[in-house]
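S.K.: coords below, sequence missing:
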């Protein structure tokens, strides 16, 4: 929890908001609203001058208890305090802050269409609501797939709203003597991946050809999928996935 909070405290937008600009009228009267108020108190104690160690400890304990009540799935994480759980706590905290600060205004009725990032974003906010957390941390990831039909050039493009970017760290044996920078992880993230088996995608035009006698269902070209960041927030939270699961379902550090 401490590492996740240290990361969040550095936000040039979120921290000043909780120190000076948060109005109580914005906070929802529910458990998520209690998370908002507990986090606000914690931020105030962290940046208070002169600091009070006793008051800070009380604020940390209260915040931890409120978050555990709001998100029971985090109870086990607080008991064991594994380092890989910092991302889970941070993700859950942002969700609760968003719910507790959701704005009650009407979003224009816009249908999300394939390949339209603007309507995809509006559709996401229609479903999940809007808040200052979305203002500061929301970004869009673009996913593009090529049809596997032999002579087809169709593509499918989706824009997925996110608040956290998870990057895989390659295994030590995959080059660079086991040393990888964030830039290296971003390049690996955006490298085209080959889809096969059930993951292979065919457009509707090619699917319709299945009923034609001359259609060879097994005659498919390689299908590629690429990921890219369509928009960027300020700041961008990056989760470096330093742990992997073994065949025995045990987490190991890469």
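M.R.: In hand now; what should we look at? Everything numeric in this text was worked out from a predicted model, so none of it was measured.
S.K.: Identify the residues contacting residue 47.
M.R.: With contact set as Cβ atoms under 8 Å, 6 or more residues apart in numbering, residue 47 has these partners: 15, 19. Quick note: C-beta positions are derived from backbone N, CA and C, even for glycine.
S.K.: wait, residue 120
M.R.: 112, 140, 158, 159, 160, 161 are the contacts of residue 120 under Cβ under 8 Å, 6+ apart.
S.K.: nearest to residue 34, of those?
M.R.: Closest approach to residue 34 among the contacts of residue 120 (Cβ to Cβ): residue 161, at 25.9 Å.
S.K.: and that closest one, how many neighbours does it have?
M.R.: 20 (other Cβ atoms under 10 Å).
S.K.: ok, the residue nearest to it when sequence neighbours are not counted to residue 165 distance?
M.R.: Using Cβ to Cβ, 6 or more residues apart in numbering and skipping the chain neighbours, the partner closest in space to residue 161 is residue 124 (4.3 Å). For residue 124, the distance to residue 165 (Cβ to Cβ, to the nearest Å) stands at 16 Å.
S.K.: tell me which residues in stretch 135-151 are buried?
M.R.: 136-142, 144-149 (16 or more other Cβ atoms under 10 Å).
S.K.: pLDDT weak spots in this structure?
M.R.: 74-84, 104-115, 171-178, 207-220, 243-254 (pLDDT under 70).
S.K.: Residue ranges of each domain in it, please.
M.R.: 2-100, 136-253 (automatic domain parsing).
S.K.: can you pull out the helices in the stretch 1-150 of the chain?
M.R.: In the stretch 1-150 of the chain, the helices defined using DSSP state H, counting those that start in this stretch lie at 2-9, 14-16, 31-47, 53-70, 75-80, 86-100, 117-128, 132-137.
S.K.: closest to residue 204 out of those?
M.R.: Across these, closest to residue 204 is helix 117-128 (Cβ to Cβ), at 19.4 Å.
S.K.: how far off helix 86-100 does that closest one point, in degrees?
M.R.: 80 degrees (axes from the mean of the first three to the mean of the last three Cα atoms, to 10 degrees).
S.K.: now helix 117-128, how far from the chain's geometric center?
M.R.: Centre-to-centre, helix 117-128 and its host chain are 15 Å apart (Cα atoms, centre = their mean, to the nearest Å).
S.K.: Show me what counts as buried in that helix.
M.R.: 117, 119, 120, 121, 122, 123, 124, 125.
S.K.: could you redo those as CSV and give each row distance to residue 68?
M.R.: Shown next, in CSV, are the buried residues of helix 117-128 (distance: Cβ to Cβ, whole Å):
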residue, distance to residue 68
117, 37
119, 38
120, 34
121, 32
122, 34
123, 32
124, 28
125, 28
